[in-house]
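sharing a model that was predicted from the sequence below.
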Amino acid sequence: MLTRTLTFSPEQDETFFQELPASAAVFLLRGDGEPYVSKTANLRRRLQRLLGVQTEKAKRLNLRDRVREAEFTPVASDFESQFLLYKLLREKFPKTYNSRLRLRPAPLLKLHLENEYPRASVTTRLGKLQSVSNEAGQPRDAENSDLRREDECGHVSNLYYGPFPSRAAAEKFANDALDFFKMRRCVDDLHPDPSFPGCIYSEMKMCLAPCFKGCSDGEYAAEAERVRSFFDSRGESLVREFSQQREHASAELAFEEAAAIHAKLEKLKPLLSQLPEIVQRVDRLQAIVVQASAEPGAVNLFRFAGAILQGPVPFSVEQSGEPQSMESRIQEKIAEFPSVQTTSGTARSEHLAILRRWYYRSHRAGEIFFADTNGNWPLRRLVRGIGRVYRDEKEQEPISFSATQALIPPSQPE
């Protein structure tokens, strides 16, 4: 996993230190006892403190008499070092790596489709995904619009949307979004009974009230399908629906009705405008993260698909060989990423948490680009983004999120 290995001997420590780069790296020290794993902004200086001659009054950790070998990989970005450190700790400390990383799961919006009467809730537990992107990068069920889709075993899977910057932001978005629908907000497994008194949402006409048969099962399923379409399209389905209703009302000269629908549209726009671009259906979320590379003349590409983070894959900015457009070279490089293999839900949740931690930093290094609903990449934007990262320039577009979010500072754990 780490690319370089050096043997350490206290008698030849000066030669050892000279071979170390004075740059950022992830490293592992082997010797007596369990390995020491960490990351640093300056490998030579850090190992000189850990393996150098210790003075009598020094209280710092010193491993000079215990270490026999050092492994390391130079890195050029904090994103790469965090991801490499995660993989290394997960391998060496399978029982304690999570507490060492202080990795918090990402807040998600969950659409409970396994329930006979679907509902939405906020969770930090990522369950089984509806589908995993295939080798072409297309979601397997992209053209299937049925609400209660089944997997190979005939089980209905839930859908997950996110990641959100905080649980409060997820809950606010869910509450504000559900105000436009009449799907239930209670958490009970319903057993419809006409004698049931209902709740305040049914009294306020904000729920179809399946609890006391206030609607047919078909009517509730149709409303739940509208909610799913809203989340899947990041609100665009409801914008189209309201726009068509407004145009129809205007054509029928029902101006008061058209004004009421227009008011709904105006209420909807701020909700959608504050939605971070990364908040998508998790099983369809595909992204390319561009980071600086330790290799000269190159940047590193990471791919996120199927809730799994892959990389880094070096991309040479300086072209060699036959002339080829930057767009086609980027497409070929993205195709080099292996197809997503089935892995544990825990790993998917952790990879999503790593991406979320970096994305929501107030000052993040590197850039991210998302595939559209058809799996196509914004190649021109990628070309410009790669150029900015290579030249160490900042992204021109400002990053803005909901006022309810809790941003993660770059120098502190969550």
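Thanks, I have it.

list the contacts for residue 164?
106-109, 170, 173, 276, 279, 405 (CB atoms under 8 Å, 6 or more residues apart in numbering). All C-beta spots, glycine's among them, are computed from the backbone N, C-alpha and C.

reformat those as a markdown table; add distance to residue 347, neighbour count and pLDDT.
Listed next are the contacts of residue 164 as a markdown table, based on distance: CB to CB, whole Å; neighbours: other CB atoms under 10 Å; pLDDT from 0 to 100:
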| residue | distance to residue 347 | neighbour count | pLDDT |
| --- | --- | --- | --- |
| 106 | 13 | 30 | 97 |
| 107 | 18 | 20 | 97 |
| 108 | 16 | 25 | 98 |
| 109 | 21 | 23 | 97 |
| 170 | 22 | 27 | 97 |
| 173 | 26 | 24 | 97 |
| 276 | 23 | 20 | 96 |
| 279 | 21 | 22 | 98 |
| 405 | 26 | 18 | 45 |
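
just checking, which of those residues belong to helices?
170, 173 (DSSP state H).

from the contacts of residue 164, which is closest to residue 162?
Nearest to residue 162 among these is residue 108, at 3.8 Å by CB to CB.

mind jotting down where the strands sit in the stretch 301-414 of the chain?
Taking DSSP state E, counting those that start in this stretch as the criterion, the stretch 301-414 of the chain carries its strands at 308-316, 367-370.

and what of the stretch 101-250 of the chain?
Under DSSP E, counting those that start in this stretch, the stretch 101-250 of the chain gives strands at 108-112, 119-123, 159-162.

which of these is buried the deepest?
strand 159-162 (a mean of 26; mean count of other CB atoms under 10 Å).

what strands line up against that one, and which way round?
strand 108-112 (antiparallel), strand 280-281 (antiparallel) (DSSP bridges).

sorry, back to before: turn the strands of the stretch 101-250 of the chain into TSV, including distance to residue 390.
What follows is the strands of the stretch 101-250 of the chain, written out as TSV (distance: least, CB to CB, whole Å):
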stretch	distance to residue 390
strand 108-112	34
strand 119-123	39
strand 159-162	30
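
closest to residue 354 out of these?
Residue 354 lies closest to strand 159-162 among the strands of the stretch 101-250 of the chain, at 13.7 Å (CB to CB).

so for the closest one, mean pLDDT?
The average pLDDT within strand 159-162 is 97.

just name the shakiest helix or strand of this protein by mean pLDDT.
Within the chain, no helix or strand scores below helix 200-203, which has a mean of 88 by mean pLDDT, DSSP states H and E.

residues in contact with that helix: which ones?
184-186, 207-209, 211-212, 214.

got the buried residues for that helix?
Under the neighbour-count criterion of 16 or more other CB atoms under 10 Å, helix 200-203 has 201-202 buried.

also stretch 66-77?
67, 70-77.

of those residues, which pair is most distant in space?
Once CB to CB is applied, the buried residues of stretch 66-77 give 67 and 77 as the farthest pair, at 26.9 Å.

tell me the phi and psi of residue 39?
Per-residue torsions, residue 39: phi -130, psi 160 (degrees, to the nearest 10).

tell me where the stretch 51-200 of the chain has helices.
78-92, 97-101, 167-178, 200-203 (DSSP state H, counting those that start in this stretch).

using CSV, lay out those helices together with distance to residue 60.
Below are these laid out as CSV (distance: least, CB to CB, whole Å):
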stretch, distance to residue 60
helix 78-92, 21
helix 97-101, 20
helix 167-178, 38
helix 200-203, 60
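
buried residues in the longest helix anywhere in the chain, which are they?
Using DSSP H, we find that the single longest helix of the chain is helix 255-273. Burial within helix 255-273, assessed by neighbour count using 16+ other CB under 10 Å, is assigned to 258, 261-262, 264, 268, 271.

where in this protein is pLDDT low?
56, 130-156, 321, 342, 395-414 (pLDDT under 70).

tell me the domain ranges of it?
Using automatic domain parsing, the domain ranges for the chain come out as 4-74, 108-233, 235-273, 286-390.

quick one: which of these is nearest residue 102?
That would be domain 286-390 among the domains of the chain, by CB to CB, at 9.7 Å.

mind checking the end-to-end distance for the closest one?
22 Å (CA to CA, to the nearest Å).

show me the contacts for the residue lying closest to residue 91 once chain neighbours are set aside.
Closest residue in space to residue 91, ignoring its immediate chain neighbours: residue 1 at 6.8 Å, by CB to CB, 6 or more residues apart in numbering. By CB under 8 Å, 6+ apart, residue 1 lies in contact with 73, 84, 87-88, 91.

alright, calling it a day.
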